[in-house]
Structures are given as structure tokens and as C-alpha cells.
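Undergrad: Sequence plus predicted model, see below.
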Amino acid sequence: QVQLVESGGGLVQAGGSLRLSCAASARTVSTYVMGWFRQSPGKEREFIAAINWSGGSTYYADSVKGRFTISRDNTKNTVYLQMNSLKPEDTAVYYCAASYMIATMPKTDYWGQGTQVTVSS
């Protein structure tokens, strides 16, 4: 069983930065694809970024490409999301996910509890 705990959310002004962290309970998570999703009120959960087990391959939604960077430290069982140039439309609850494959990540059983990110204009 994999447990994921996000941290690092908060309130920031537009143009600012935040770094989210997701700590995993199981050492085996180092072999999983890790990702970030977000959900705003009234909207469906959307994919933001993912990273393969080695960190050698990363994937981003067009809406965050060039502003957000996903990374991982398998020695700490932790994945990060560095968010720069934040916009009010980035306001959402951000979720960490772990999956065997990126294609199946939206339906994974392994999700964190979410961390709120609020960007003020």
C-alpha cells in the first residue's frame, strides 16, 4: 500500500513561486511513475505533470509548460513540483499520484489528500 502526503501549498501573489512536495510511504514508489494533478471548484481533475521512475522523462500539460518543473528524489521517496510565474488560474487543490504507467495514472488507486494553492491577482 502506497500512502502519499503533499505539502507546500499556500497563498501567493500572481507572478510568485511555490514548491510542492509529495512524500511517499513506500520505498517501492521509486519504481512508480509519479505525477501531479489539480482540481478547481466546478471543474474536473486535470493532469499537470508526471515523471518516470528514474527522473529521466517528464511530461507537462500545455497550461504549465515552461512555468512548472517536476522532479523526484528517490533516496527520499519524494516528488516535487516547482511552480513559477503563478497565475490566478493556477488556483486549485493539487494532488500527488503514483502509478505503474502514465497512461493509467488518472485511474490510479494512489492519491494524496491534496494541498490548496491560491494565487491572488
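TA: Everything's here; your move.

Undergrad: what about the most centrally placed residue in the chain, which helix or strand?
TA: Nearest to the mean C-alpha position of the chain, by C-alpha atoms, centre = their mean, lies W36 at 2.5 Å. Under the criterion of DSSP states H and E, W36 resides in strand 33-39.

Undergrad: Run through who's touching that strand.
TA: The contact list for strand 33-39, computed with C-beta atoms under 8 Å, 6 or more residues apart in numbering, reads 20, 22, 24, 45-53, 70, 72, 79, 81, 90, 92-102, 105-106, 114, 117. C-beta here means a position set from N, CA and C on the backbone, and glycine is covered the same way.

Undergrad: In this structure, what residue spans correspond to strands?
TA: Taking DSSP state E as the test, the strands found in the chain are 4-7, 10-13, 18-24, 33-39, 46-51, 58-60, 68-73, 78-83, 92-99, 110-111, 115-120.

Undergrad: tally of neighbours for K43?
TA: The burial metric for K43, expressed as a neighbour count using other C-beta atoms under 10 Å, is 9.

Undergrad: now the one 5 residues further on
TA: A total of 23 residues lie near I48 under the criterion other C-beta under 10 Å.

Undergrad: partners of the residue lying closest to it once chain neighbours are set aside in the sheet?
TA: Closest residue to I48 in three dimensions, ignoring its sequence neighbours and counting by C-beta to C-beta, 6 or more residues apart in numbering: W36, at 4.4 Å. Beta-bridge pairing of W36, defined through DSSP bridges, involves A49, C96.

Undergrad: Name the residues of stretch 8-15 that are buried.
TA: Using 16 or more other C-beta atoms under 10 Å as the test for burial, stretch 8-15 gives G8, G9, V12.

Undergrad: brain fart, stretch 80-91
TA: Within stretch 80-91, the residues that count as buried by 16+ other C-beta under 10 Å are Y80, L81, M83, L86, D90, T91.
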